[in-house]
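> Predicted model and sequence follow; I will ask about them next.
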Amino acid sequence: MRNPRTQGPHRRWRLALASGAAVSLLLPLLIETPAGAAGPGCASPPSVVADPSSVPVHTTGTGYTTIEGSTPTTFDVDVLGVIPDGITLGVDFIVVRLTGPQQFLDDTGGVFFGMSGSPVYIDGDKDTGDLLGALSYGWWNDPTLAGLTPAPAMLQMFDLPTIDHPSFSARIPITRSMQRTVVASGTDVSDSSGSFQEMPTVLSVPAQGRRLHQLRHMVRDMTNGVRVVGPAGASAGAPVVSGNDFGVGEPVSSIVSYGDASIWAAGTVSIVCPSDTNVIAMYGHPLFWNSPGPVTLGLNGVNVLTIAHSPAWWNDMVPVITDVRGSVTADRFVGEVGQVGLAPTTFPITSSFTSPDTGLSRNDAETDTVYQQDWFYQWETWLHMVLNLDAVFQRISSGSSNLSWTLSFEDADGNLYDITNRVHYYSNWDATDGIWKLISEIDQLQYSDFGPMTFTSLDATGSITATNDTGTITGVNTSSALQKALRSRHVIRVKAGHAVTVEVNQTPAAGGADVVTTFTLKVPHSWHGQHRVTVRGGEDRWWGGRGDDTLRELVKELNGGEHADDVIVQGIGRKASQTSPLIVTGRKRFTIDVV
């Protein structure tokens, strides 16, 4: 994650949700299965259509999805044919048209966001028929035209080892023969993109207005086909598994984080293996564009409030996250695997903020992270901080933030580290912009050469105000045993080994009395002649480093450094520093004449 005004090179990731996955914002951490470990398997799989290409054109089928509550309803499909290797090598793409019931089409308009994973059966229903596949793709200008991911490929996910996979395209080109079939069935493809595509991911966040715009900007730079909406959320706290199971066609969610900055994706359950393994398959497409293979996300139930209608796009499921039911353990080309009953491990981001402008405070606010890879932890941290600061500030405007934090993390060898730092920052654009110093620290750790990091906790405190906290150094007064009057001088005479008093005056930009900071500094015994002294404000370190050779060196660097509200006197022995209530700007110089 980058401040849009300070872009820099980094490896890129992409997040995707297919044919109707609704996403929101939450926060718990990863538990990865060791590379090469076998999947959970499915001892008693459902009956599936082994060869989708053998299914005659215009075979009818029955699908299951949820448009209200958590109880699935049925819809009808007409099979139009198969595109060989349409999803990836060895995985065909099944083209269908939704044909009814009419009430279902009236309620949904056809394919909708959140429908990804809806299972479709032929030769019977979910109890008696054969599973053909899971609805996972749509045609942009015809919501009744859809694509299925074949059931055999989804069943194979349960047995795959936990290894990484290369990325693949989220667009399925339509063949000439299939184009003729689609046109004959009633869809005009002349002005379309010529391909089926995963429906854009929907990020639902507890934010509005400018915060939504900012998140959209970040997502646009790092993902493809993502829409951001709001608000939504899920409760913080260590997840306790409810013990409830899933049924096919039931809504389900993949949780990236819980709490104030909740991030999640909602779709539909495609396959349920019985209690021998307690695993499910869902979505029919990957959640992430890079299909990372082994992951750990939260696995929660969903209550669907309604299907919201859009005049220009696919309609939307309006989901509410409910109980914790387990963990998502894999994200692959053809869907996600969930383990019911396996609680996700979470790591807290907590904060306590106040605003003198409003008198409001938020104490012990919490977001719990599950997934921290790529830029997600930075997203989660930024969102948690900005939303809680906004809640006490009650505006988005210019101003000053004064923040402190302790960031704890663990390296790949299990060694624990803490970074404690602070920032006092004024912005004439957004008073929360001081957050970016913390984000830069996370970025430097996460993308260092010292291996993967697990961020185990983050605790922040601070305040935010519309007042410009900047103060300019407007005067420096000095005195010594030889010149006892404290006043402004270009040259102050001092004996070697004796003390000099330095009084620094800062004039607040917001008006009011000057802020005075006083130093008493000893002149070294070895000095003689004249020496130049500089009085200045501190300089926060935000980005870049000195190329540390070890992680401990990097941690030491991130723990130290100057701060913008430091008054610094440099040139008399070791650099002297005191914290001011103002953000210090400007500088003054004087000379010490050792006599």
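Done, it's in.

> List the strands paired with the host helix or strand of F75, with their directions.
Per DSSP states H and E, F75 falls inside strand 73-88. Here strand 73-88 has these sheet partners by DSSP bridges: strand 60-65 (antiparallel), strand 91-100 (antiparallel).

> Turn the ones you listed into TSV, columns for distance to P581 and mean neighbour count.
In short, each C-beta sits where N, CA and C put it, glycine included. Output for the strands paired with strand 73-88, formatted as TSV (distance: least, CB to CB, whole Å; neighbours: other CB atoms under 10 Å):
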stretch	distance to P581	mean neighbour count
strand 60-65	58	23
strand 91-100	63	22
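
> who wins for proximity to D390 among the ones you listed?
Among those, strand 60-65 comes nearest to D390, with 36.0 Å by CB to CB.

> Can I get that closest one in CSV, CA atoms only?
Extracted C-alpha coordinates of strand 60-65, given in CSV (Å, rounded to 0.1, in the frame of the first residue of the first chain):
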residue,chain,number,x,y,z
THR,A,60,-32.0,-28.4,-18.4
GLY,A,61,-30.7,-28.1,-14.9
THR,A,62,-31.5,-26.8,-11.5
GLY,A,63,-29.3,-24.4,-9.6
TYR,A,64,-29.3,-23.3,-5.9
THR,A,65,-28.5,-19.9,-4.6
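
> What mean pLDDT does it get?
Average pLDDT, strand 60-65: 98.

> Likewise for stretch 242-255?
Averaging pLDDT along stretch 242-255 gives 92.

> Give the buried residues for it.
If you call a residue buried by 16 or more other CB atoms under 10 Å, then stretch 242-255 has these buried ones: D245, F246, V248, G249, E250, P251, V252, S253, S254, I255.

> average model confidence for the strand holding F75?
94.

> And for stretch 509-524?
In this model, stretch 509-524 has a mean pLDDT of 96.

> Just give me how far it sits from the chain centre.
Here stretch 509-524 shows a centroid-to-chain-centroid distance of 42 Å under the convention CA atoms, centre = their mean, to the nearest Å.

> what's in contact with that stretch?
467-472, 474-475, 494-508, 567, 569, 572-573, 576, 578, 580-582, 592, 594 (CB atoms under 8 Å, 6 or more residues apart in numbering).

> Straight-line length of it, end to end?
Distance between the two ends of stretch 509-524: 36 Å, counting by CA to CA, to the nearest Å.

> Could you tell me which residues within that stretch count as buried?
Going by 16+ other CB under 10 Å, stretch 509-524 has these buried residues: A509, V515, T517, F519, L521, V523.

> sec struct for P356, please.
With DSSP: H, G, I helix; E, B strand; the rest coil as the basis, P356 sits in coil.

> tell me the contacts of it?
Counting by CB under 8 Å, 6+ apart, P356 touches S463, T465.

> what's the pLDDT at it?
Reported pLDDT for P356: 98.

> does Y425 sit in a helix or strand, and which one?
According to DSSP H and E, Y425 maps onto strand 416-427.

> brain fart, T381
Taking DSSP H and E as the criterion, T381 maps to helix 376-393.

> and the next element down the chain from that helix?
Counting by DSSP H and E, the element after helix 376-393 in chain order, helix or strand, is strand 399-410.

> I'd like the mean pLDDT over that following strand, please.
Averaging pLDDT along strand 399-410 yields 97.

> Can you give me the buried ones in it?
Quick answer for strand 399-410 (16+ other CB under 10 Å): G399, S400, S401, N402, L403, W405, L407, S408, F409.

> The spatially closest residue to P45 that is not a sequence neighbour: what secondary structure?
Nearest residue to P45, sequence neighbours excluded (CB to CB, 6 or more residues apart in numbering): L155, at 5.5 Å. Three-state assignment for L155 (three-state DSSP): helix.

> neighbours of L155, just the number please.
Other residues near L155 come to 20 when the count uses other CB atoms under 10 Å.

> Wait, it touches C42, no?
Yes - between L155 and C42 there is a contact under CB atoms under 8 Å: 6.4 Å.

> which residues are in contact with both of those two?
Residues within reach of L155 and of C42 at once, by CB under 8 Å, 6+ apart, are I271.

> Name the residues that touch the helix or strand containing V337?
Assigned by DSSP H and E, V337 falls within strand 335-340. For strand 335-340, the external contacting residues (CB under 8 Å, 6+ apart) are 39-40, 117, 134, 136, 149, 154, 157-158, 245-246, 252, 254, 270, 278-287, 299, 325-330.

> again, 7 Å this time
Strand 335-340 has contacts (CB atoms under 7 Å, 6 or more residues apart in numbering) with 40, 117, 134, 149, 154, 157-158, 245-246, 254, 270, 278-285, 287, 299, 325-330.

> Check D130 and give its pLDDT.
In this model, D130 is scored at 97, pLDDT.

> my guess is it meets D123, correct?
Yes - assessed by CB atoms under 7 Å, D130 is found in contact with D123 at 5.5 Å.

> follow-up on the earlier one: pipe the buried residues of strand 399-410 into TSV and attach distance to P356 per row.
Shown next, in TSV, are the buried residues of strand 399-410 (distance: CB to CB, whole Å):
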residue	distance to P356
G399	11
S400	10
S401	12
N402	10
L403	14
W405	20
L407	26
S408	29
F409	32
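
> ok, those vs I419, which is closest?
So of the buried residues of strand 399-410, ranked by how close each gets to I419 (CB to CB), first place is L407, at 4.6 Å.

> what's that closest one in contact with, if anything?
I419, E441, F455, L458.

> let's see it at 8 Å
Contacts of L407 (CB under 8 Å, 6+ apart): D418, I419, T420, N421, L438, E441, I442, F455, S457, L458.

> do you know how far A391 is from L360?
Distance from A391 to L360, counting by CB to CB, to the nearest Å: 7 Å.

> mind listing the strands for the stretch 251-400 of the chain?
In the stretch 251-400 of the chain, the strands defined using DSSP state E, counting those that start in this stretch lie at 251-259, 263-272, 279-282, 293-308, 315-332, 335-340, 347-354, 361-369, 399-410.

> CSV please, covering these and showing distance to Y447.
Listed next are the strands of the stretch 251-400 of the chain as CSV, based on distance: least, CB to CB, whole Å:
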stretch, distance to Y447
strand 251-259, 19
strand 263-272, 20
strand 279-282, 31
strand 293-308, 19
strand 315-332, 21
strand 335-340, 26
strand 347-354, 19
strand 361-369, 17
strand 399-410, 13
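
> which intervals of this protein have sub-threshold pLDDT?
Within the chain, the set of residues satisfying pLDDT under 70 comprises 1-38, 161-238, 275-276, 312, 544-547.

> Mind splitting it into its structural domains?
Using automatic domain parsing, the domain ranges for the chain come out as 22-35+200-340, 52-197, 361-412+426-465, 470-594.

> Okay, now the last one: how far is its last residue from its first?
For domain 470-594, the first and last residues are 34 Å from each other (CA to CA).

> Repeat that for the shortest one.
Across its full length, domain 361-412+426-465 reaches 12 Å between end residues, using CA to CA.

> Relative to the whole chain's centre, how far out is it?
Using CA atoms, centre = their mean, the mean C-alpha position of domain 361-412+426-465 is found 11 Å from that of the whole chain.
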